[in-house]
Each structure stands twice: as C-alpha cells, then as structure tokens.
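Enquirer: Build me a model from this:
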Amino acid sequence: MRELTVDEFVSLDGFAADASGDPEFALGYEGPEFARWEQQVLDEPQVIVLGRTTYQNMSGYFRSATGPIAAAMNAHPKLVFSRTLNEPLSWSNARLAARDPAAEITALKQQPGAPLRCVGSVTLARQMMALGLVDRLRLVVFPRILGSDGQGPLFSGYRDTYLKLIGTTVIDSAIVLLDYRPD
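Expert: Okay, the predicted model is just below:
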C-alpha cells in the first residue's frame with residue numbers, strides 16, 4: 001500500500017507563509033546540507049501531490065530552472081488538485097486529479113506504485129490530514145519567527161491530532177527537520 005507524506009516548510013511559530021503570502025521566509029537559511037537533503041528526497045520515487053496555488057508557483061519556477069533538483073522536480077509525476085485549472089497542464093508529467101482528494105488519494109493508496117508526497121499545498125494538506133489520509137508529516141522548521149507578519153498558520157483548522165516523532169535532523173546548523181507519523 002502506498003504512503004502519503006506531507007512535507008511543509010514552517011516558521012518557528014508555525015506559519016507556512018510570510019506577509020506576502022509566500023514561503024519566502026525560508027530563503028537564506030539553506031546551505032549544502034539542505035541541498036543534499038532536498039536532492040536525496042527527490043532521488044526517491046514519488047508522485048508529487050499539489051494544490052493549485054503551489055502547482056502554479058512551482059511550475060512557473062521549475063519549468064525553466066536548471067540543475068539536478070529542477071531536473072528531478074520536472075521528471076516526477078505530479079497530481080494536481082484544482083477546480084479552476086484545465087488540461088493540458090503546462091508542467092511536464094503533471095495531470096489534474098479526476099476526483100476530490102478523499103476519493104483520489106484513497107484510491108491511489110490502494111494501488112501499487114511510487115509513494116505520494118504532498119509538497120506545501122497547505123489547504124490540501126489540511127484536508128488530507130483531517131481525512132486521516134496522511135501517513136507521515138515532515139516539518140522543515142526554519143529559525144524565523146514571523147509573528148504578526150505570518151500568514152497561513154499551518155495547523156489552523158486541524159483537529160486535535162496526536163503525532164509520534166520518528167526522527168529529527170538538524171540541517172546546516174539552522175533548520176530542524178521533524179518527522180512524524182499520526183498516532
């Protein structure tokens with residue numbers, strides 16, 4: 001059975017976006033260890049699961065980006081949840097989900113194939129967490145407090161959820177990776 005991992009960048013105070021609404025708060029902290037971790041994650045087989053906003057942001061960047069991380073992002077199959085986009089999608093190997101997240105992810109988890117990995121897509125991640133579809137939650141915590149400039153509190157709208165910590169990693173002496181499984 002396939003697993004669904006949700007990867008989220010988050011500020012120390014739990015925000016997924018800065019005042020501009022972007023995850024730009026994370027820029028500037030990444031170093032060589034972060035690049036190795038990111039490449040290692042992308043070297044694994046996966047289907048990248050995205051909501052519309054994250055798809056549009058990432059596709060706009062990665063379609064013209066170069067380097068091994070861009071090559072991996074462009075090569076992986078991508079499943080996009082949107083009510084407003086239409087096929088064909090402009091990013092290589094991307095397709096629209098045919099059903100709502102509950103039905104689509106539940107069906108995919110029953111099929112053989114590469115693991116599913118939701119990147120960013122906070123609204124979609126919240127939905128899948130509420131539905132009990134998330135098998136692993138990886139938080140990439142950046143050493144920044146956004147306070148009143150933060151937008152998109154990551155856990156806003158989540159129900160009471162117990163998590164089991166399965167791993168921690170410090171990256172570039174600044175970023176903390178927290179790896180959880182819903183309990």
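
Enquirer: after the helix or strand of the chain with the lowest mean pLDDT, next one along is what?
Expert: Sorting the helices and strands of the chain by mean pLDDT, DSSP states H and E puts strand 151-153 at the bottom, at a mean of 84. Note on strand 151-153: by DSSP states H and E, the next helix or strand toward the C-terminus is strand 163-171.

Enquirer: For that next one, which strands pair with it and how are they oriented?
Expert: strand 175-182 (antiparallel) (DSSP bridges).

Enquirer: Let me see the ranges of the helices in the protein.
Expert: Remark: helices assigned in the chain by DSSP state H are 32-43, 52-62, 68-75, 101-110, 122-130.

Enquirer: And the ones you listed: which comes nearest residue 168?
Expert: With CB to CB as the measure, helix 32-43 is the member of those nearest residue 168 (12.8 Å). C-beta here means a position set from N, CA and C on the backbone, and glycine is covered the same way.

Enquirer: Among the helices of the chain, single out whichever gets nearest to residue 88.
Expert: helix 52-62 (12.2 Å).

Enquirer: Give me the residues contacting the closest one.
Expert: 22, 50, 70, 73-74, 78, 80-85, 89-91, 94, 119-121, 123-124 (CB atoms under 8 Å, 6 or more residues apart in numbering).
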